[in-house]
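Chemist: Just a sequence and a predicted model for now, questions to come.
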Amino acid sequence: MVDIENPTSLINKDYESIELVIFAEWIEDFERLANLGVGLILEPGDDVYLIQNQLDLIDLIALDFSNFDDGRGYTQAYLLSKRWKYVGEIIGINAHLDQLQFMIRSGVTSYQLLESYKGSNEEDYSNGFSLCYQAAANNNGLNLQY
């Protein structure tokens, strides 16, 4: 069984198991790793700008949202999906329920909740808001209010 808090692989949208490498390993040897078809796991402190020119080599990026107080994963997702037009999967891992709508709005394409949320109603948290106070590239039908 894969450790959900420290995964070494993830299932992609095509239900294939994709091995993950950490950021430092990717930076050190991306040319070899790209040919292996691995995915990349990013921690909040990883400098996503260092992979900006390599995005076409990466099919899947996992962003770690385990620290509820750390919003850098949202910025990473936004940069990847909105600014740099990354077309691969962006999976938010170790997610808390309260983060779901913000993750989706920032560009995360799918997520894995922390084990403690197993059985929770995700729909209420991913689509439960009708108003937002800031503009976003993906407001998912939210009404912008000032």
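Modeler: Noted; the coordinates are in hand.

Chemist: top helix in the protein by residue count?
Modeler: helix 23-36 (DSSP state H).

Chemist: and Ala77, which of the three is it?
Modeler: Three-state call for Ala77 (DSSP: H, G, I helix; E, B strand; the rest coil): helix.

Chemist: Which parts of the chain are helices?
Modeler: Counting by DSSP H, the chain forms helices over residues 23-36, 72-78, 100-106, 122-127, given from the N-terminal end onward.

Chemist: The longest one: how far from the chain's middle?
Modeler: Right, helix 23-36. Its chain's C-alpha centre lies 19 Å from the corresponding centre of helix 23-36 when counted by Cα atoms, centre = their mean, to the nearest Å.

Chemist: Other residues contacting that helix?
Modeler: Helix 23-36 is touched from outside by 19, 21, 40-43, 46, 50-51, 54, 57-58, with contacts defined as Cβ atoms under 8 Å, 6 or more residues apart in numbering. For glycine as for every other residue, the C-beta is placed from the backbone atoms N, C-alpha and C.

Chemist: now with 6 Å?
Modeler: Helix 23-36 has contacts (Cβ atoms under 6 Å, 6 or more residues apart in numbering) with 21, 40, 42, 46, 54, 57.

Chemist: Pick out whichever of these sits closest to Leu80.
Modeler: Top of the list for closeness to Leu80, among those and by Cβ to Cβ, is Leu42 at 9.0 Å.

Chemist: can you redo the helices of the chain as CSV with distance to Glu115?
Modeler: Supplementary listing: the helices of the chain in CSV, determined by distance: least, Cβ to Cβ, whole Å:
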stretch, distance to Glu115
helix 23-36, 24
helix 72-78, 19
helix 100-106, 16
helix 122-127, 14
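
Chemist: thinking again about what came up before, residues of the longest helix of the chain that come out buried?
Modeler: 23, 26-27, 30, 33-34 (16 or more other Cβ atoms under 10 Å).

Chemist: mean confidence for that helix?
Modeler: Averaging pLDDT along helix 23-36 yields 95.

Chemist: Just the C-alpha atoms of that helix, please, in CSV.
Modeler: Output of helix 23-36 as CSV, limited to C-alpha atoms (Å, rounded to 0.1, in the frame of the first residue of the first chain):
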residue,chain,number,x,y,z
PHE,A,23,12.2,17.9,-6.9
ALA,A,24,15.9,17.7,-6.1
GLU,A,25,16.2,14.4,-8.0
TRP,A,26,14.4,15.9,-11.0
ILE,A,27,16.7,18.9,-11.1
GLU,A,28,19.8,16.7,-10.9
ASP,A,29,18.8,14.3,-13.6
PHE,A,30,15.7,15.5,-15.5
GLU,A,31,16.9,14.3,-19.0
ARG,A,32,17.1,10.7,-17.9
LEU,A,33,14.0,10.8,-15.7
ALA,A,34,11.9,12.4,-18.5
ASN,A,35,12.6,9.4,-20.7
LEU,A,36,11.3,7.1,-17.9
